[in-house]
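Asks: predicted model and sequence follow; I will ask about them next.
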Amino acid sequence: MFRVITIEREYGCGGGSIAAQLADRLGWKLWDHLITEEVARLAHVEPSAVRSCEERMDSRLYRLSKAFWRGSYERSSALGASVFDTDRMMEMMQDITNRIAEQGNAVIVGRGAPYLLRQRPDAFHVFLYAPRAEKVRRTLAEGHSQFEAEELVDLVDHERAAYIKHYFNTTWPTRSLYHLMLNTAMGDEAVIHTIENTMQLVAGQPRATDFEHPKIPAGSR
């Protein structure tokens, strides 16, 4: 029996909205912006600091500076105690997603959740995508300009791919990980209906994953 659904998505395909509608349909808790708030609470930082680290790499300059600071134990300890960055967030995410999964009845959006929960038989993993024109159309509908929409559609997925490669040593999307991959151009209702029906069909069936284990972030400990 599935107790948690992870929704991974291309930017602009409507994944966040579909996840919210699915959670409402099932009567489950939606973990999207709530994850941002939970990380901020536990790390004692502002939600804006967490959003700047979600599903993207820290800048190259920052990573080079951090590598330099790790040269001494004292510097590393001081840096780790004062700075919230993507490494620190990833150190927290395994515990947070495991706790969410243990509670069950949850729909989790992105943030590496399908990779972090890949060994759980009660987790159902979905990847949502769409043609570029559809993603641009949806992004325009959110109030972005044509230039902004096209830039976001092209840039955000590139950042997500780099994030997954760095922390989980695999390509994005990892097709063998997902129970279902759907084109959202067929409409939100059709996508939600297909997810619900497929969950019922495959509930309890074992599924192997063949990508490598995630790397442990090299942040402070």
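Replies: All right, it came through fine. Numbering: from 1, shown residues only.

Asks: in the chain, which helix or strand is least confident?
Replies: Lowest mean confidence among the helices and strands of the chain (mean pLDDT, DSSP states H and E): helix 60-69, at a mean of 45.

Asks: going along the chain, name the helices of the chain.
Replies: 15-26, 33-43, 47-51, 60-69, 73-82, 86-103, 113-116, 132-141, 146-168, 188-202 (DSSP state H).

Asks: worst mean pLDDT among those?
Replies: Ranked by mean pLDDT, these end with helix 60-69 at the bottom, a mean of 45.

Asks: contact partners for Gly110?
Replies: Counting by Cβ atoms under 8 Å, 6 or more residues apart in numbering, Gly110 makes contact with Ile7, Glu8, Arg9, Gly15, Asp32, Glu54, Glu55, Arg160. All C-beta spots, glycine's among them, are computed from the backbone N, C-alpha and C.

Asks: what sits against the second one?
Replies: By Cβ under 8 Å, 6+ apart, Glu8 lies in contact with Gly15, Gly110, Ala113, Pro114, His125, Val126, Phe127, Leu128, Pro173, Tyr178.

Asks: number of residues surrounding the last one?
Replies: Just to be clear, that refers to Tyr178. Using other Cβ atoms under 10 Å, Tyr178 has 19 neighbouring residues.

Asks: again, but for Gln103
Replies: Neighbour count for Gln103, taken as other Cβ under 10 Å: 12.

Asks: quickly note the distance from the nearest residue to it once chain neighbours are set aside to Val107.
Replies: Residue nearest to Gln103 in three dimensions, not counting chain neighbours: Lys29, with 7.8 Å by Cβ to Cβ, 6 or more residues apart in numbering. Using Cβ to Cβ, to the nearest Å, one obtains 7 Å as the distance from Lys29 to Val107.
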